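Colleague: let me see the structure of the following:
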Amino acid sequence: MSMQVTHHVFIPDQQMKPGVKLNHMRWAGQYIADTFAGTKNKVRLINAGDGYDFPSLSSYDKGKGAMEGRRYNKDLAAGREGLALFEEGLHDHEHKLWEPESKDVTLGNHEYRILRAVEQDVHTLEGRMGYHELAYEEFGWTMHDFLKVIKHDGIMYSHYFANRGTGKPIGGENIKLRIRKIGGSFGQGHEQTFDTGMVYTSDGRRMQGLVSGAFYLHEEDYLGPQGNAHWRGIQVLHDVRRGEYDLMSVSMDYLCRRYEGKRLSQFLGRH
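Modeller: Numbering: from 1, shown residues only. Below you'll find the predicted structure:
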């Protein structure tokens, strides 16, 4: 008789926008279904946020040539397309009736661009633009406001965790210090990096930290020629109990090999 356990699948920032490949969204959905459908285990999906990139609302590019041709409705359409591809993978012909225990998205600073735009032109945009235009709820995701902390099975999740005094992200290369500062096991996106670590308490419990902020196929121009060399993929937290788990990282290259039959570099036409 098998014991029921709980798994979390953490999906880092997807930065979906017009003109970029979104195949990875279907790969992720299909991998999750292939791995967990048919089991009796609980599976929680946590989307780190920044699923929508919203380049048309970028304050950094305002007034620059880079804004030429960007349109808000196209940004919305790209995000919807990616979420639909994820659902296709999650509910392909073999797994139509399977559903995870829960699907949560902790909205990121890129989705928050919508509210910033409304604040800057409240008389024109209030009621017309807002989170209600995002397709998350349509596809079964529960939305949580930017920087809201949710907790499942002893793990705190948010797009990132902020310093109480300044509101700026808690950062730094020493993840053990970050675990102590946040005060428990956590998972976050936001940073284009992958880092993990653990701290043992005096009574032998593990507090574990996970920073993983990239799950997209394209390269970001603002990061420059060297800034795009970072790990990308999804994170599977196995046997989650009271904030403790066994981590398995599933790279973009693995997903591409499994579902496209070729290396990621071949799929993208890079050498």
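
Colleague: so what's residue 113 closest to, chain neighbours aside?
Modeller: residue 57 (3.9 Å; C-beta to C-beta, 6 or more residues apart in numbering). From N, CA and C alone the C-beta is placed, and that goes for glycine too.

Colleague: how about that neighbour, what does it touch?
Modeller: Listed by C-beta atoms under 8 Å, 6 or more residues apart in numbering, the contact set of residue 57 reads 72, 75, 113-114, 116-117.

Colleague: likewise for residue 269?
Modeller: Contacts for residue 269 (C-beta under 8 Å, 6+ apart) come out as none.

Colleague: per-residue confidence at it?
Modeller: Turning to residue 269, the model gives it a pLDDT of 89.

Colleague: cool, and residue 68?
Modeller: Looking at residue 68, its pLDDT stands at 44.

Colleague: please apply the same query to the one 4 residues further on.
Modeller: Per-residue confidence (pLDDT) for residue 72: 94.

Colleague: do a quick rundown of the strands in the stretch 1-150 of the chain.
Modeller: The residue ranges that make up the strands of the stretch 1-150 of the chain, judged by DSSP state E, counting those that start in this stretch, are 6-11, 42-47, 102-106, 142-144, 150-152.

Colleague: grab the nearest non-local neighbour of residue 50.
Modeller: On the basis of C-beta to C-beta, 6+ apart, the spatially nearest residue to residue 50 that is not a chain neighbour turns out to be residue 108, at 3.4 Å.

Colleague: shouldn't that neighbour be in contact with residue 47?
Modeller: No - judged on C-beta atoms under 8 Å, residue 108 makes no contact with residue 47 at a distance of 9.3 Å.

Colleague: point out where this protein drops to low pLDDT.
Modeller: Low-confidence regions of the chain, defined here as pLDDT under 70, cover residues 1-2, 60-70, 123-124, 225-227, 270-271.

Colleague: rerun at 50
Modeller: Low-confidence regions of the chain, defined here as pLDDT under 50, cover residues 1, 63-69, 271.

Colleague: which residues in it form helices?
Modeller: Secondary structure of the chain (DSSP state H): helices at 23-36, 72-90, 113-120, 122-125, 175-182, 224-227, 252-260, 264-267.

Colleague: those helices: which one's closest to residue 238?
Modeller: Evaluated with C-beta to C-beta, the helices of the chain place helix 23-36 nearest to residue 238, the distance being 10.1 Å.

Colleague: same for the closest one, what does it pack against?
Modeller: In terms of contacts (3 or more C-beta pairs under 8 Å, 6 or more residues apart in numbering; DSSP states H and E), helix 23-36 is packed against strand 6-11, strand 42-47, helix 72-90, strand 233-241, helix 252-260.

Colleague: identify each buried residue in that helix, please.
Modeller: For helix 23-36, burial by neighbour count (16 or more other C-beta atoms under 10 Å) applies to 23-36.
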